[in-house]
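Novice: 3D model of this:
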Amino acid sequence: LKKINAELDRFVYSASHDLRAPLTSLLGLVNVTMLENNNHKLNGYLEMMKDSVNKLDDLISDIIHFSRNARLDVTPEPVHFECLAQETFDNLKYLPTAGSIETNVQIEPYKNFLSDPKRLRILFNNLVSNAFRYHDLSKEMPFIKIQINFEQNHAVIKVSDNGKGVHPEHLDFIFEMFYRATDDSQGSGLGLYIVKETVEKLQGTVQVQSVPGKGTTFILRIPNLEVN
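Specialist: Residues are numbered from 1 along each chain as shown. Below you'll find the model as predicted:
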């Protein structure tokens, strides 16, 4: 109960702040735009408005995922990992840098794996979108890879990249609600918290390995609910 109350207080405070920030920015841009006659500057203001709206939409989407994961029971269904991985990359292919990053999927042959596809979709989307956000295009061959193997009635899912990496002092905290490892973080601060809560709902575990300047690998162990 203490944990729930503490997280609720933190959620209300942080969510309120993060919801107001893009709205305040948007309102300021609207006021400036109303006074501007230069078409070139108007286009710039519209792009900034678009960015504010996208940030707001991302935060609201994360809040919805957080709420659904907490409220809804796990529904075991057959999982098609190939489709989930491809769908994830397809949904994110319109990101500005997506065309510059090589994507790779390696999935070991399997059959009869049951879990909750909706929750797995959230996990894939959060981890892959993070890899796109914190890429390093200065690398000769920037990549994002999804690798899935099966052992002891578990799927072992690895999402790897050779991006910016995470400094060691942040690794113990990145799964906390609204934690941001860098000042220039582009996300809501909820994404990895949702990953942790979703994995736990699926009775699994999540680990992270990262080296600054080298890249990051998230390792998820998700049980096959068919054998439970």
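Novice: what helix or strand is Ile157 on?
Specialist: When elements are defined using DSSP states H and E, Ile157 is found to belong to strand 154-161.
Novice: Low-confidence bits of the chain, can you list those?
Specialist: Applying pLDDT under 70 to the chain picks out residues 3-22, 58-59, 62, 65-70, 178-189, 227-228.
Novice: And the residue nearest in space to the middle of it, which helix or strand is it part of?
Specialist: For the chain, the residue sitting closest to the mean C-alpha position, by C-alpha atoms, centre = their mean, is Asn126 at 2.1 Å. Here Asn126, judged by DSSP H and E, is contained in helix 117-133.
Novice: and that helix, what does it pack onto?
Specialist: Helix 117-133 makes packing contacts with helix 39-71, helix 81-92, strand 143-151, strand 154-161, helix 191-201, strand 215-223 when contacts are defined by 3 or more C-beta pairs under 8 Å, 6 or more residues apart in numbering; DSSP states H and E. Just so you know, the C-beta spots here come from the backbone N, C-alpha and C atoms, and that holds for glycine as well.
Novice: at 7 Å what do you get?
Specialist: Identification of packing neighbours for helix 117-133 by 3 or more C-beta pairs under 7 Å, 6 or more residues apart in numbering; DSSP states H and E yields helix 81-92, strand 143-151, strand 154-161, helix 191-201.
Novice: returning to that earlier point: residue contacts, the residue nearest to the centre of the chain?
Specialist: Under the criterion of C-beta atoms under 7 Å, 6 or more residues apart in numbering, the contact partners of Asn126 comprise 191, 194-195.
Novice: Pro78 contacts Lys111, doesn't it?
Specialist: No - between Pro78 and Lys111 no contact is recorded; they are 9.4 Å apart, counting by C-beta atoms under 7 Å.
Novice: Between those two, which has more neighbouring residues?
Specialist: Using other C-beta atoms under 10 Å as the criterion, Pro78 and Lys111 rank with Pro78 on top: 11 against 6.
Novice: quick one: the closest residue to that one other than its chain neighbours and Glu82, what's the gap?
Specialist: For Pro78, the nearest residue in space outside its immediate sequence neighbours is Leu114; the separation is 6.2 Å by C-beta to C-beta, 6 or more residues apart in numbering. Summarising the geometry, the distance separating Leu114 from Glu82, computed by C-beta to C-beta, to the nearest Å, is 16 Å.
Novice: just Ser100 next, same as before
Specialist: Counting by C-beta to C-beta, the gap between Ser100 and Glu82 amounts to 24 Å.
Novice: what secondary structure does the residue of the chain positioned farthest from its centre sit in?
Specialist: Each residue of the chain has a distance to the centre, and by C-alpha atoms, centre = their mean the biggest one is for Asn37: 38.9 Å. Going by DSSP: H, G, I helix; E, B strand; the rest coil, the secondary structure assigned to Asn37 is coil.
Novice: Would you quantify the distance from it to Tyr45?
Specialist: Taking C-beta to C-beta as the criterion, Asn37 is separated from Tyr45 by 12 Å.
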